[in-house]
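Undergrad: The following block contains a protein sequence and its predicted model.
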Amino acid sequence: MNATFTHPGKIMLVGLGPGSHEHLTARARAAIAEADTVIGYATYIRLLTDLLDGKEVVKKGMTEELDRAIEALERAQQGKKVALVSSGDAGVYGMAGPTFEVLFQAGWTPDSGIEVEIIPGASAINSCAALVGAPLTHDFCAISLSDLLTPWPVIARRLDAAAYADFVVALYNPKSGRRTRQIEEAQRIFLRHRAPDTPVAIVKSAYRPKQRIEFTTLLAMTEAEIGMLSTVLIGNSHTFIQHGRMVTPRGYANKYELHAGERETRAGEQAGHSLASGLEGWLATIRSSGKSAPDLAREYRLPVEYIDALLRHPTPDSPAGI
């Protein structure tokens, strides 16, 4: 049975971005102005001090996310407009998830009276990347090292998979006063798959007064200053640092060559088409190679079952083996 809230209010899940007012979106600023009540972690509330005149302000501690969501629901049930703030983006390690858990537990549906709006903001991965250069120009992922709610084996498997797959990786919550070994274990896992000189950027308090940026390597990164306000960006096998900028190539060199400022398409490639080593070209290569599935699996670092299925079912009409 769906719950009906007799004094419908509104919950606005506001992403503050990195925290500076210059990077607060117009909609986020308007939502805070519209709100009767602003709820958030005390540090985030401090970032908004000059925007909170005349508002009810509810500050909560670091591990009280569910309490914040419950407070927001209670006030919305009273007919109030509530801004529940998160740093970065509310949907990226932010308050959107816990809030929906509380709402669903209370029987909320989109038709039950309380409106819920998610207002996006730049996550730490975006803010930190902008400060150090262009490290995210190719495939990337974010992994939190916090094991307060996630078992360490789950985190370790994700680290290993991302390192093996050559993603650029942003490590959130890398270290705290009590959690000091997790970053060392992350380094250990990455060194199984990445070169010791892989570029690493460590950004603390992006776009805030105590901002600090340090470039280092995978081998030396645990010697750097890392804390809860830091985000660690680990490059992939092609990432480089030049003139104080961390850059991950998009892959244009696979298709084009530059000569005296002129772009030329490499032999065997076509502009606007998949690479010769893209899916169809690669399938043709492995089918004509005469090599066994185990040999191809080792060569391309792919599961032998996947290679075997491709060799046995050469057309998309027969995917059963895959």
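TA: Done, it's in. Numbering: from 1, shown residues only.
Undergrad: Assumed Thr216 was part of a strand.
TA: Yes - checked against DSSP: H, G, I helix; E, B strand; the rest coil, Thr216 lies within a strand.
Undergrad: Pretty sure it sits against Ala224.
TA: Yes - assessed by CB atoms under 8 Å, Thr216 is found in contact with Ala224 at 5.2 Å. Every C-beta, even on glycine, is put in place using the N, C-alpha and C of the backbone.
Undergrad: Tell me what the residue nearest to the spatial centre of the chain is bridged to.
TA: Among the residues of the chain, the one closest to the centroid is Ala142, at 3.7 Å (CA atoms, centre = their mean). Under DSSP bridges, the beta-bridge partners of Ala142 are Ala170.
Undergrad: Quick check: mean pLDDT of the helix or strand harbouring Ala129?
TA: Here Ala129 sits within helix 124-132, counting by DSSP states H and E. The average pLDDT for helix 124-132 rounds to 96.
Undergrad: Which strand or helix spans Arg27?
TA: Assigned by DSSP H and E, Arg27 falls within helix 26-34.
Undergrad: Now do that helix: distance to the chain's middle.
TA: Centre-to-centre, helix 26-34 and its host chain are 24 Å apart (CA atoms, centre = their mean, to the nearest Å).
Undergrad: just use 371 as the starting number from now, easier for me
TA: In the new count, where the first residue is 371, that last one comes out as helix 396-404.
Undergrad: Buried residues, it. List them.
TA: Within helix 396-404, the residues scored as buried using 16 or more other CB atoms under 10 Å are 398-399, 401-402.
Undergrad: Out of those residues, flag the one nearest to Glu669.
TA: Within the buried residues of helix 396-404, the smallest distance to Glu669 is 49.2 Å, found for Ala398 (CB to CB).
Undergrad: burial of Gly477, as a residue count?
TA: 12 (other CB atoms under 10 Å).
Undergrad: One more: Lys545?
TA: Neighbour tally, Lys545, other CB under 10 Å: 23.
Undergrad: my read: it touches Met598, true?
TA: Yes - proximity of Lys545 to Met598 meets the contact threshold set by CB under 8 Å, at 6.8 Å.
Undergrad: How many residues are close by Ser575?
TA: 17.
Undergrad: I misspoke; the intended subject was Pro490.
TA: So Pro490, with other CB under 10 Å, has 19 neighbours.
Undergrad: So the residue lying closest to Lys625 once chain neighbours are set aside versus Tyr670, what's the distance?
TA: Spatial nearest neighbour of Lys625, chain neighbours left out: Glu639 (4.8 Å); criterion: CB to CB, 6 or more residues apart in numbering. For Glu639, the distance to Tyr670 equals 20 Å [CB to CB, to the nearest Å].
Undergrad: Do you know the pLDDT at Leu628?
TA: On pLDDT, Leu628 comes in at 76.
Undergrad: Excluding chain neighbours, what is closest to it?
TA: Glu634 (7.6 Å).
Undergrad: tell me what the least confident helix or strand in the chain by mean pLDDT is packed against?
TA: Sorting the helices and strands of the chain by mean pLDDT, DSSP states H and E puts strand 626-629 at the bottom, at a mean of 79. On a contact count with 3 or more CB pairs under 8 Å, 6 or more residues apart in numbering; DSSP states H and E, strand 626-629 meets strand 632-635.
Undergrad: how far is the strand it packs on from where the chain is centred?
TA: The answer for strand 632-635 is 34 Å, by CA atoms, centre = their mean.
Undergrad: That strand: partners in the sheet, and parallel or antiparallel?
TA: If you go by DSSP bridges, strand 632-635 pairs up with strand 626-629 (antiparallel).
Undergrad: which SSE is the residue lying farthest from the centre of the chain in?
TA: Of all residues in the chain, Gly660 has its C-alpha farthest from the mean position, at 40.8 Å, by CA atoms, centre = their mean. Counting by DSSP H and E, there is no helix or strand that carries Gly660.
Undergrad: now the stretch 521-670 of the chain, which segments are flagged as low pLDDT?
TA: With pLDDT under 70 as the threshold, the stretch 521-670 of the chain has low-confidence stretches at 630.
Undergrad: Quick one: end-to-end distance for stretch 512-532.
TA: 9 Å (CA to CA, to the nearest Å).
Undergrad: Show me what counts as buried in the strand or helix carrying Arg527.
TA: Counting by DSSP H and E, the element that carries Arg527 is helix 522-534. For helix 522-534, the neighbour count (16+ other CB under 10 Å) marks 525-526, 528-529, 532-533 as buried.
Undergrad: What are the contacting residues of that helix?
TA: 511, 513-515, 517, 539, 552, 555-556, 559-560, 562-564, 671 (CB atoms under 8 Å, 6 or more residues apart in numbering).
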